[in-house]
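Predicted model and sequence below, questions to follow.
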Amino acid sequence: MGMAWTKQLTASAMVALLAIAQTAHAQNAPQGGDASGSNYLAQHFSFDALNPDVKDAITRANLAAVPFAKITLHTHDVATSADQSKPSNYTTAMSLENAGHGLVRRVEAIQDSNGNTIATRLDLTYRGYFSFLTQGISTRATSLPPVQEARKVLRFDTGTNGHVAFVYLYGSTGGQTLQDPGQFLCDSGKRYDASQLNSSIEGQVTELSCRVIDANGIETDKVTLAYLEKYSVAVTLHTHNAQRTVESTIQDFSVH
């Protein structure tokens, strides 16, 4: 993973560290205790951490940065699946940070119904649509898992109207590049006032219906995104795959 100190950390310690950092952002608390987490994010989830081919594709696209420094929000998430007799409820504390070049660094701390952090997910995304870099860390893990990364961009649609497509070759850090592309394909749908999602969100929303297609050409997930036009970023409202369906509602929303 690069820096020597990251090899000294257990995955559970990193989860706790990042969750504390994210919670401090969400509550506008002092940031004195999250230096290691911030350093980790800055090194491994930034434009400079991207594969050279991906950096070149982003540079050529000449993307405008998002118009905010940081957004924090909490979602209430309800998951249903065929093997569960009743839905599972949990919350996600999320931080969205302007990473330049149209990129958004996203940290999600997922908590169970008792308020315990059960996992952390880190992403470097294009405006919240899709991830160039992603890492999911479970509290049960004993070491940090590899980062999943885009290695080469084959198609990169950057508009929010009509059809959006991201087609790429990818692999995990230290591993080989998969030779068949992954795809994230979206079509825009209805448009409505963003206050319908939460009273603190300004402007309009464009919903996008998206499909995730893996390297074998199989559709693995369906995703509904809300593109928040004032902030030029998308948040997830609905996900569905063969294992489960998750519906998310935004409980609070703050711009910093």
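That came in fine, so what should we check first? Numbers count the residues shown, from 1 in each chain.

and the closest residue to residue 230 other than its chain neighbours, what does it touch?
Nearest residue to residue 230, sequence neighbours excluded (CB to CB, 6 or more residues apart in numbering): residue 203, at 3.1 Å. Where C-beta positions appear, they are placed from N, C-alpha and C, glycine not excepted. By CB atoms under 8 Å, 6 or more residues apart in numbering, the contact set of residue 203 is 194, 228, 229, 230, 231.

out of those residues, who has the most neighbours?
The most neighbours of any of these, using other CB atoms under 10 Å, belong to residue 228, which has 25 neighbours.

wait, that residue sits on residue 205?
Yes. The criterion here is CB atoms under 8 Å, and residue 228 meets it with residue 205 at 6.1 Å.

anything in contact with each of the two?
Shared contacts of residue 228 and residue 205 (CB under 8 Å, 6+ apart): residue 194.

coming back round to it: per-residue confidence at the residue nearest to residue 230?
Residue 203 is assigned 98 on the pLDDT scale.

Can you pull the phi/psi pair for it?
phi 90, psi -160 (degrees, to the nearest 10).

again with residue 38
Main-chain torsions, residue 38, degrees, to the nearest 10: phi -60, psi -40.

Quick one: neighbours of it, just the number.
By other CB under 10 Å, 14 other residues sit near residue 38.

hey, C-alpha coordinates of stretch 239-250 in PDB?
Extracted in PDB, the C-alpha atoms of stretch 239-250 (Å, rounded to 0.1, in the frame of the first residue of the first chain):
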ATOM      1  CA  THR A 239     -29.400  -0.500  -5.400                       C
ATOM      2  CA  HIS A 240     -30.500  -4.000  -6.500                       C
ATOM      3  CA  ASN A 241     -28.700  -7.200  -7.200                       C
ATOM      4  CA  ALA A 242     -29.400 -10.900  -6.900                       C
ATOM      5  CA  GLN A 243     -28.600 -10.900  -3.200                       C
ATOM      6  CA  ARG A 244     -30.500  -7.900  -1.900                       C
ATOM      7  CA  THR A 245     -32.200  -4.600  -2.500                       C
ATOM      8  CA  VAL A 246     -31.300  -1.400  -0.600                       C
ATOM      9  CA  GLU A 247     -33.400   1.800  -0.400                       C
ATOM     10  CA  SER A 248     -31.700   4.900   1.000                       C
ATOM     11  CA  THR A 249     -33.200   8.100   2.300                       C
ATOM     12  CA  ILE A 250     -31.200  11.200   3.200                       C
END
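
Name the residues of that stretch that are buried.
Buried residues in stretch 239-250, counting neighbours by 16 or more other CB atoms under 10 Å, are found at 239, 246, 247, 248, 250.
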